[in-house]
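Q: Compute the structure for the input listed below.
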Amino acid sequence: MVSSIGELRARLQAAVDELPLDDLTAAREHLRGVVLPRLHHLARSSSNPRLHEALAALNRAGVELDSGRRHAHETHRVTRDYMHSLLSAPQDDRTYRFTEHAVHAPPTRPVAETSPVVSPRRQPAPWVTDNPRTWPGRVDEGQVGRRFAFNDDERSIARWLARLYPYRIAPIPRTDGRTADSAVNGYTVEFKTLRISPEAPRHGPENIGRTIKKMQRDRRGGLGQGNNIIIDASRVTLSKEQALQGLNDYLGSFPDRAERLVRVRILGADYEIDWNRTRG
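A: Numbering: from 1, shown residues only. Modelled structure (predicted):
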């Protein structure tokens, strides 16, 4: 698509103006604050199966509303970023070939302003089941060949994300070099699962640092597979104190590499650690 800077600005502004954020927010608040409480009250005093089916359907509608609203906000944020980049471009009559990359990196805040957040392991909403239709997000492996599909460990992390967030998670086809495993809403994210093995029967803080270092390094000494990393540590005996120590040790010991990191999430059996520099 070939467009002038002026035309791109106009299209992006129109995209922002047409987003129904206020309508989506009002519908969500009415559903949550009025409709669902009344139905919950009726369901407690009724055994009518249709009422319970209606309640489940409305809960799913609530998930879809939240998903739509979040996707609209994400579209607004991405459009805003493009607007800012275009406003800094010269205003002239030349044309530019404008291509949105399939995967990209989010804007970040300084490392010094970012601290790890430790919390209990998040749980899906009550109406989320093993059926992907009930998930706010989706795992999409249909756009790549079978040899590029997620492996079992990667798919487990992808499904965890889709059960909790309105994200689209898709594998990235591997090239000759090392690449990140996935694109999550267009952002490259690397998945890593820690497992007990004869070579690593026990895991400690050092395993977190080794994993991050490996993900950031490639054979040519470049940027590595990914600087937005999710580590599943739920299958090994690694406490949240050990995981937090390992993350902080790495950030303190390798400040140059920490500057390249965007986000690190560590999933324990009953905890999550999120070091997140992303803005927006």
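Q: can I assume Trp275 is in contact with Leu247?
A: Yes - using C-beta atoms under 8 Å, Trp275 is in contact with Leu247, at 6.2 Å. For glycine as for every other residue, the C-beta is placed from the backbone atoms N, C-alpha and C.
Q: Compare those two (neighbour count), which wins?
A: Taking neighbours as other C-beta atoms under 10 Å, Trp275 and Leu247 compare with Trp275 leading, 23 against 20.
Q: Wasn't the more buried one part of a helix?
A: No - using DSSP: H, G, I helix; E, B strand; the rest coil, the assignment for Trp275 is strand, not a helix.
Q: tell me the pLDDT at it?
A: Trp275 is assigned 94 on the pLDDT scale.
Q: quick one: contacts for Tyr167?
A: 137-138, 161, 184-185 (C-beta atoms under 8 Å, 6 or more residues apart in numbering).
Q: any idea where the helices of the stretch 1-150 of the chain begin and end?
A: 5-17, 21-30, 36-44, 49-87 (DSSP state H, counting those that start in this stretch).
Q: Looks to me like Ala183 is in a strand.
A: Yes - under three-state DSSP, Ala183 falls within a strand.
Q: For the stretch 151-280 of the chain, which segments count as helices?
A: Counting by DSSP H, counting those that start in this stretch, the helices of the stretch 151-280 of the chain are 152-164, 205-216, 240-253, 255-260.
Q: mind listing what's buried in the longest one?
A: Right, the one you point to is helix 240-253. For helix 240-253, a neighbour-count test (16 or more other C-beta atoms under 10 Å) marks 240, 242-248, 250-251 as buried.
Q: which secondary structure elements does it contact?
A: Contact partners of helix 240-253 among helices and strands, from 3 or more C-beta pairs under 8 Å, 6 or more residues apart in numbering; DSSP states H and E: helix 205-216, helix 255-260, strand 263-267, strand 271-276.
Q: again with the shortest one
A: In terms of contact count using 3+ C-beta pairs under 8 Å, 6+ apart, helix 255-260 is assigned the packing partners helix 205-216, helix 240-253.
Q: report the angle between the axes of the last one and strand 271-276?
A: Following axes from the mean of the first three to the mean of the last three C-alpha atoms, to 10 degrees, one obtains 20 degrees for the angle between helix 240-253 and strand 271-276.
Q: Out of the helices and strands packed on helix 240-253, indicate the one that is most buried.
A: strand 263-267 (a mean of 23; mean count of other C-beta atoms under 10 Å).
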